[in-house]
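J.: Just need the structure, nothing else, for what follows:
(chains A and B)
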Amino acid sequence: MVGAELTSAAVTPTLGLLWLVPALPLAAAAVNLFWGRRLKRAAGWLASAAVGAAFVLSALVVAELFRLPAQERLFVQHLFDWIRVGAFRVGADLRLDALSATMILVVTGVGTLIHVYAVGYMEGDPRFGRFFAYLNLFVGAMLLLVLGGNYLLLYVGWEGVGLCSYLLIGFWFEEVANANAAKKAFVTTRIGDTAMLVGLAFIVWRFGTLDFDPVLGRAGATLTEGAATAIALLLLGGAIGKSAQVPLHVWLPDAMAGPTPVSALIHAATMVTAGVYLVVRSAPIFEASPVALPIVLVVGLVTMLYAGTSALAQTDIKRVLAYSTISQLGYMFMAAGMRAYAAAMFLLVAHAFYKALLFLGAGSVIHGMHGEQDLRAMGGLLRRMPVTSATTLVGVAALAGVPPLAAFFAKDQILEIANHTGRPLVWALGSLGALVSALYVGRLAALAFLGRARSRAAERAHESPPTMALPLVALAVGAAAAGALNVVPEGRLAHLLEPVVGAVPHGEGIPAWALSTLGGLIAVVGLAATWVVYASGRVDHEMLAARLEPIPRMLGAGWYVDAAYERFVQAPTLAAARFIAGVLDARGVDGLVHAIAGGVVGIARIGRRIQTGFVRSYALVFLFGAIALLVLVGARS
Amino acid sequence: MSWLLTLLTFLPLVGAAVLLLGGRAVRDEAARWIALGTTVAAFLVALAVYGRFDPALAGFQLVERATWVPAIGLHYVVGIDGVSLWLVLLTAFLFPIAVLASWTIGRDVRLYMVAMLVLETAVIGSFLALDLLLFFLFFEAILVPMYLLIGGWGGERRVRAAVKFFLFTMAGSAFLLVGILVLWARSSGLADGPTFDLRQLLAVAASLPPATARWLFLAFLVGFAVKVPLVPLHTWLPDAHTEAPTAGSVLLAGVLLKVGTYGLVRFNLPLFPEASRAFATLVSILAILGILYGAVCAMMQSDVKRLVAYSSVSHLGFVVLGIFAFTDQSLTGGVLQMVNHGLATGALFLVVGMLYERTHTRELGAMGGLAGAMPWLLGAYLVAVFASVGLPGLNSFVGEFLVIVGTFAVHRWFGTLAALGVILAAIYLLWSYQRVAFGPIRDEHRRLADLDLREAVVLAPVLSLLLVFGVAPGVLTEAIAPAARSVVARVAGESVDIGAVAGATEEASPP
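T.: Next up is the predicted model:
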């Protein structure tokens, strides 16, 4: 592993400011939590300014880091000893290297735009200040997650973002469905988190520490294959939960109950990518196991196809995007599973731009249509909401992989690496997945923006205010240009990340230019096909869907995975719990106790005369008995 | 200042005496203020103890010894070490809060406060006593005021709950007393006759035949297991909690249960190291059973106080597991978790009590949507809930984590199974919170008042500590860890530090 050979840089005035990056949003969160109601609209601006300042600061710190020679691009800031018991220590340490630098720029950069957007989107909400407090708390926790210098601090951020996700999914808690979705998200991810926690315990057992440097640096030398596999799979459990991979993906579509800026920031651009970050960060452990990375690859591949096909049949605009997110995260897992860590990170960055853009575009549509989220009720919005439509269409093209937009490069490099490292099946299925993503996102665009308006709300839709429109434009620019970060697999981003994640794997296969051409073609053909079916008016797509039943219904229900969980996991668990609490504990254990007590009472009836019914006289008897015993024992010895 | 611990122990009793001797001349308002003043004064004394405590020193500090009944070797011996320090501080901290939370008690206020103050003396005395019979006297003395608090100021079925509480713990105590007396009898070979002094008995116990030591271990274990409570001796707890007045629940969960786990650390492990090792697997299995069983039962409760009571069964399972894994980290985590559970569950019961005073129900199904009407109270509830869930950054996480990693290093499956309790905690706590706070609100609840000043003063210190001890657990572990280390060393023959992994450092340098 290359990362462990990095030498830590000395502190400079600029690098010393690193702690402020998470501290600023956390401080603003505290202010908004207590005084948010009094601040009114200023609460939103304060929150945006805090994240914006954190972005500027991140840029300065990262620039300082990249001025150093490649092998010295590591800065660890020890804030204080958090846990210290004997030789086991966990420091509150922040770690800045190329990997965490990439993440903090994405989190604060995209985060700032989404905060500004939310000032417009959440206007008039009675808990406006509270919303921004939670949103800032999220950003702070996410920054802690990626900056943490050891697994436990990462875990703090990990659970912290889970908390914020819970609070924000259930933000409009008056609706029972929203509260349920929030709980589902927290509990489902916690199943994965607990696996991860056991993984941390495993690491402590083998290494006596949770610091990245000793653990990752010695992973190959210290761990047996079995131990490496166990740790890697336990960590992967956490990653699967947080990044909504099969089989713990079920919480993410429901998480769309949260306000749309939340979906964009937490459930698309940042938090859900934490699993990818974890795998990439822990690469030496995964590589020390013969099976862990292949499992990551399979999980990613299955998730990518599963979620992509499910996205095809969703009618709620946000649920299309939710399944799309799951699918794209699957792509990132695939890349990591092939040791193409830089490619995974590249897609992560690109995806943050275009998926945030798509969600905010969808939010703008929902806002403009007064809460309508059903694609079937939309249509023809291009004319009524020009800025929203134009920017969102950029996002659509970027996600589909139209050259030269973001995903064209990012997705293509993953497929190219698959092809060039002797994985033709992965490449073929990945290309199929690319076609599917062009189809679902094209369908979304055609149904929402093209064709004719299919409802009164669509006819009367209005463009959103500038605080919402401007972030859309900024993100559209990002989505269009993000590809420039890494035009070829061994491009600029890969080069910057190399000291941390190692070199890009390469080999021989179909020439890169041919693969790229094919990728571009897939995107264009996919989008064109959806235009023909859904927007040209030449095909009755509802009739088509009806003829394909029951497939659309099955895809729409996410292959019935949710229903199966409810029936085969949730219901039996509840029944068992009901039995244990209602029968076993109430009648069994407590009943036994009462039976014994009854027996005692029966015996006591014999000595009824001394039974006065007052506990204190029992106590007295007890005391005398004790003294008698005392005398007895004393006499014997 | 060798009288500091005695002052701390008996100061509340003096307050109680004042209230009693004052008779009916003491008005309700005066009784409240006298009780509050006394408990606050005791807390200040506890802070003075903290100030004089040197965490770097192993063993007991501020020891006071006086002969009481020389004929039977009964001495008044009190002292404090890293295990008891924070339990005493927790007790002294929670009592003024409990008194302030009892401001709404309107009936027999004077007697209520007397019971509270006597209870404080009994609990602090239990944590400080270094003479086994003295400990037992304090330990038993806890029962009476607690019995009166539940039976006198509790809910509808209070008498049944109070009697059940009394009989259960009494039954356990009988075993404990027999154990103490046998140990005492064995010490007759000492130069100055038989004794109850723990420090002398440690040497006596070391020379016991293994079989005797194991029987004694079991006698002590039963006595303490009822108090903890360990499954299947737990069924008194939900009833007691449900019927107890708010302050009773806070103190019961906050400090009384800890007397049981404290007893295990203070007496079972050091006195019977071999027996502790022999029974460790059995006790650990009971602890894990408690973690999972308590959590499953909590999941299905519809009465919010019963739910929190079962959650205590689950959380105390972590404590016992940590104690019996015999690693520095797990035992430190166990003791830490005693303190943290006291704060987190204390906060939960405080909030639940405030909710009950407003809605007059404990049924989860009869609440809902309260977050909209009372954002601050439900916000406080949320903080307490997430502390109990074990959210990192809040206090309970650190103790649970240390227990899990410390246990895992020696028992893979125990550590893993305990971790499953973490999932269940999220389920039952969030589900209950959701049923109280979220969803549509009932019409009669729309106009409920949010926190008033007194309630804010009650909650603020506890909630602040949930955060402070989550971020800076070193404040506590600084004193706990050395003490835990010496207990482990006594049981296992040497300290078991999972941070010092020999293999890892050797293999660190590649060949």
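J.: List phi and psi for the residue of the stretch 401-550 of chain A found nearest chain B.
T.: Using Cβ to the nearest Cβ, the single residue of the stretch 401-550 of chain A nearest to chain B is A:G502, 17.3 Å away. Just so you know, the C-beta spots here come from the backbone N, C-alpha and C atoms, and that holds for glycine as well. The phi/psi pair for A:G502 (degrees, to the nearest 10) reads phi 90, psi 180.
J.: Residue nearest the middle of chain B, spatially speaking?
T.: B:K258 (2.5 Å; Cα atoms, centre = their mean).
J.: hang on, that residue is in a strand, isn't it?
T.: No. Read with DSSP: H, G, I helix; E, B strand; the rest coil, B:K258 is helix and lies in no strand.
J.: Might you report the residue contacts of it?
T.: B:87, B:90, B:338, B:341-342 (Cβ atoms under 8 Å, 6 or more residues apart in numbering or on different chains).
J.: Quickly note the distance from it to A:M256.
T.: 44 Å (Cβ to Cβ, to the nearest Å).
J.: same thing with B:S2?
T.: 66 Å.
J.: More neighbours: these two, which one.
T.: Using other Cβ atoms under 10 Å in any protein chain shown, the more surrounded residue of B:S2 and A:M256 is A:M256, with 24 against 9.
J.: How about the closest residue to chain A within the stretch 251-400 of chain B, nearest residue that isn't a chain neighbour?
T.: Nearest to chain A in the stretch 251-400 of chain B, going by Cβ to the nearest Cβ, is B:M300, at a distance of 3.6 Å. Excluding its sequence neighbours, the residue lying closest to B:M300 (Cβ to Cβ, 6 or more residues apart in numbering or on different chains) is A:A581, at 3.6 Å.
J.: quick one: that neighbour and B:A295 touch, right?
T.: No. Taking contacts as Cβ atoms under 8 Å, A:A581 lies outside contact range of B:A295: 10.3 Å.
J.: give me the low-pLDDT residue ranges for chain B?
T.: B:1, B:502-511 (pLDDT under 70).
J.: Start from the N-terminal end of it and give the strands.
T.: Under the criterion DSSP state E, chain B carries strands at the ranges B:61-69, B:74-80.
J.: Now tell me what touches the last one from outside.
T.: Defining contact as Cβ under 8 Å, 6+ apart, one finds that strand B:74-80 is touched by B:5-6, B:9, B:49, B:53, B:60-68, B:88, B:125, B:128-131, B:133-134, B:195-199.
J.: Over to stretch B:201-219?
T.: By Cβ under 8 Å, 6+ apart, stretch B:201-219 touches B:132, B:175-176, B:178-179, B:182-184, B:186-187, B:189-190, B:195, B:268, B:270-272, B:274-276, B:278-279.
J.: Drop anything exposed from those.
T.: Burial by neighbour count, 16 or more other Cβ atoms under 10 Å in any protein chain shown: within these this picks out B:132, B:175-176, B:178-179, B:182-184, B:186-187, B:195, B:268, B:270-272, B:275-276, B:279.
J.: which helices and strands sit right next to the longest helix that chain A contains?
T.: Ranked by residue count and defined by DSSP state H, the top helix of chain A is helix A:176-207. Applying 3 or more Cβ pairs under 8 Å, 6 or more residues apart in numbering or on different chains; DSSP states H and E, one finds that helix A:176-207 contacts helix A:151-169, helix A:212-222, helix A:225-242, helix A:251-254, helix B:395-408, helix B:412-437, helix B:502-508.
J.: at 10 Å instead, please
T.: Here helix A:176-207 touches helix A:151-169, helix A:212-222, helix A:225-242, helix A:251-254, helix A:274-281, helix B:395-408, helix B:412-437, helix B:502-508, going by 3 or more Cβ pairs under 10 Å, 6 or more residues apart in numbering or on different chains; DSSP states H and E.
J.: Over to the residue of the stretch 251-400 of chain B closest to chain A: give its phi and psi.
T.: Per degrees, to the nearest 10, the backbone of B:M300 is at phi -100, psi 0.
J.: what about it, neighbour count?
T.: Count around B:M300 with other Cβ under 10 Å applied: 20.
J.: again with A:F80
T.: By other Cβ under 10 Å, neighbour count at A:F80 equals 11.
J.: Quick check: which of the contacts of stretch B:201-219 are also close to chain A?
T.: B:178, B:182, B:184, B:186-187, B:189 (Cβ under 10 Å from any Cβ of the partner chain).
J.: Name the nearest residue to A:G129, ignoring sequence neighbours.
T.: A:G36 (1.9 Å).
J.: ok, the longest strand along chain A near chain B or not?
T.: Scanning chain A for the longest strand, with DSSP E as the assignment, gives strand A:74-85. Yes. Judged by Cβ under 10 Å from any Cβ, strand A:74-85 and chain B are in contact via A:80-85.
J.: any low-confidence regions in chain A?
T.: Using pLDDT under 70, chain A drops low at A:1-5, A:597-637.
J.: The residue nearest the centre of it: what's it in contact with?
T.: The centre of chain A sits closest to A:V272, judged by Cα atoms, centre = their mean, with a distance of 1.5 Å. Shown in contact with A:V272 (Cβ atoms under 10 Å, 6 or more residues apart in numbering or on different chains): A:161, A:165, A:189, A:242-245, A:252, A:255, A:266, A:322, A:325-326, A:328-329, A:332, A:351, A:355.
J.: Relative to chain A, how far out is B:A460?
T.: For B:A460, the distance to chain A equals 12 Å [Cβ to the nearest Cβ, to the nearest Å].
J.: From what I see, that residue and B:V468 are in contact.
T.: No. If you go by Cβ atoms under 10 Å, B:A460 and B:V468 don't touch, sitting 12.0 Å apart.
J.: picking up where we left off before, can you report phi and psi for the residue nearest to A:G129?
T.: Torsion angles, degrees, to the nearest 10, at A:G36: phi -60, psi -40.
J.: Tell me who's in contact with it.
T.: Contacts of A:G36 (Cβ under 10 Å, 6+ apart): A:29, A:42-44, A:46-47, A:127-134.
J.: Could you spell out which stretches of chain A belong to which domain?
T.: The record assigns chain A these domain ranges, following automatic domain parsing: A:351-503+A:510-543, A:563-636.
J.: so how far is B:N340 from the residue nearest to A:G129?
T.: Relative to B:N340, A:G36 is positioned 29 Å away (Cβ to Cβ).
J.: Identify the residue of chain B closest to chain A, quick one.
T.: Nearest residue of chain B to chain A: B:G499, at 2.9 Å (Cβ to the nearest Cβ).
J.: Burial check on that residue, number of neighbours?
T.: Based on other Cβ under 10 Å, the number of other residues close to B:G499 is 22.
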